[in-house]
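No letters, just coordinates:
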């Protein structure tokens, strides 16, 4: 099965303020995006499991016109706080890269 790293044009993360991070997954091909969406793997439940946050705290949105998915979730450690290893939230997408999508 292909992984997100193999089929997404862009998979990136960044801070959405000091307490939240947003993760974007974009597809160049709208048909591929639709197949990924239909597979149902990318969801609030997936982000909850991968990032150890409550599912109800994940704002997950598919954007059909942009062939993209966006998830915004709380950071486990606020940006810049003691123990923070990614002050910009720029590496938080990494756990998502190996997610397999049944196409």
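Okay, I see it. Values in this document were obtained by computation on a predicted structure and should not be read as measured data.

What lies in contact with stretch 91-103?
Residues from elsewhere that reach stretch 91-103, judged by Cβ atoms under 8 Å, 6 or more residues apart in numbering: 1-5, 7, 11-13, 21, 23, 25, 32, 35-36, 39, 41-42, 46, 50-51, 75, 86. Yep, even glycine has a C-beta here, placed from its N, CA and C like the rest.

which of these count as buried?
Using 16 or more other Cβ atoms under 10 Å as the burial test, the contacts of stretch 91-103 include 4, 7, 11-13, 21, 23, 25, 32, 36, 42, 46, 50-51, 75 as buried.

follow-up on the earlier one: from the contacts of stretch 91-103, which land in strands?
11, 12, 13, 21, 23, 25 (DSSP state E).

per-residue confidence at the fourth one?
The per-residue pLDDT reported for residue 21 equals 98.

Pull the contacting residues for the nearest residue to it once chain neighbours are set aside.
Nearest residue to residue 21, sequence neighbours excluded (Cβ to Cβ, 6 or more residues apart in numbering): residue 89, at 4.3 Å. For residue 89, the contact set (Cβ under 8 Å, 6+ apart) comprises 13, 14, 15, 16, 21, 22, 75, 79.

give the contact list for the third one.
The reference is to residue 15. Taking Cβ under 8 Å, 6+ apart, we find residue 15 in contact with 21, 22, 75, 79, 88, 89.

List just the nearest of these to residue 59.
Nearest to residue 59 out of those is residue 22 (Cβ to Cβ; 8.7 Å).

Please report the distance of the closest one from residue 39.
22 Å (Cβ to Cβ, to the nearest Å).

can you check residue 85 too?
Taken as Cβ to Cβ, the span from residue 85 to residue 39 is 31 Å.

How about the contacts made by the residue positioned nearest the centre of the chain?
Computing the C-alpha centroid of the chain and ranking residues by Cα atoms, centre = their mean puts residue 23 first, at 3.9 Å. For residue 23, the contacting residues are 11, 12, 13, 47, 70, 71, 72, 73, 92, 93, 96, by Cβ under 8 Å, 6+ apart.
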